[in-house]
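Visitor: Got a sequence here, can you model it:
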Amino acid sequence: MYTQIRWQQRFQNYEKAYLVLGDAILRTKKSPEDKLLRSGCLQSFEFTVELAWKTLKDILEEKGILVLNPSDTIRSAFEQGYIEDADLWLELLKARNLTSHAYDEKIAEEILAKIHSQYFPLLKSLYEFFKKQV
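Guide: Okay, here's the model as predicted:
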């Protein structure tokens, strides 16, 4: 009987969040002036990033690597070759924290632009990595 391990279970949630974020990005590109769509895209980004680092944490711990927090998880995942560009991943984590703890329209617009251009490709690369591991 096949039982899923923790990271695979969490990956299923990451996959759902990732796909929703992809849809949100497409919709905000079509209607960039829609504040509700932008807000939804930012919230979807927050949720996807949370699941991304927690899934990485789970897969690292399965390999016997103890990580303590999101930044530690990113550094360890980079060292293991699971992700590329640790600095951009750490920037992505900071952006996620900015969007979830304070709302400033200018900051939100800057982060949304980076989600479209830089952060979503990182999340896509991680998604593809996980798909190969399942």
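Visitor: Sketch out the helices for the chain, chain order is fine.
Guide: For the chain, the helices defined by DSSP state H occupy 6-30, 35-62, 70-79, 86-101, 105-114, 120-133.
Visitor: Can you add mean neighbour count and mean pLDDT and give these back as TSV?
Guide: Quick note: C-beta positions are derived from backbone N, CA and C, even for glycine. Listed next are these as TSV, based on neighbours: other Cβ atoms under 10 Å; pLDDT from 0 to 100:
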stretch	mean neighbour count	mean pLDDT
helix 6-30	17	95
helix 35-62	20	95
helix 70-79	19	97
helix 86-101	17	91
helix 105-114	15	91
helix 120-133	16	96
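Visitor: now the residue positioned nearest the centre of the chain: how far from residue 30?
Guide: The chain has residue 49 as the residue nearest its centroid, 2.7 Å off, counting by Cα atoms, centre = their mean. To residue 30, residue 49 is 23 Å away according to Cβ to Cβ, to the nearest Å.
Visitor: what's the answer for residue 42, then?
Guide: Distance, residue 42 to residue 30, by Cβ to Cβ: 17 Å.
Visitor: ok, now residue 36?
Guide: Per Cβ to Cβ, residue 36 is found 13 Å from residue 30.
Visitor: Quick check: neighbours shared by these two?
Guide: Common contact partners of residue 36 and residue 30 (Cβ atoms under 8 Å, 6 or more residues apart in numbering): none.
Visitor: I'd like to know how many residues surround residue 33.
Guide: By other Cβ atoms under 10 Å, 7 other residues sit near residue 33.
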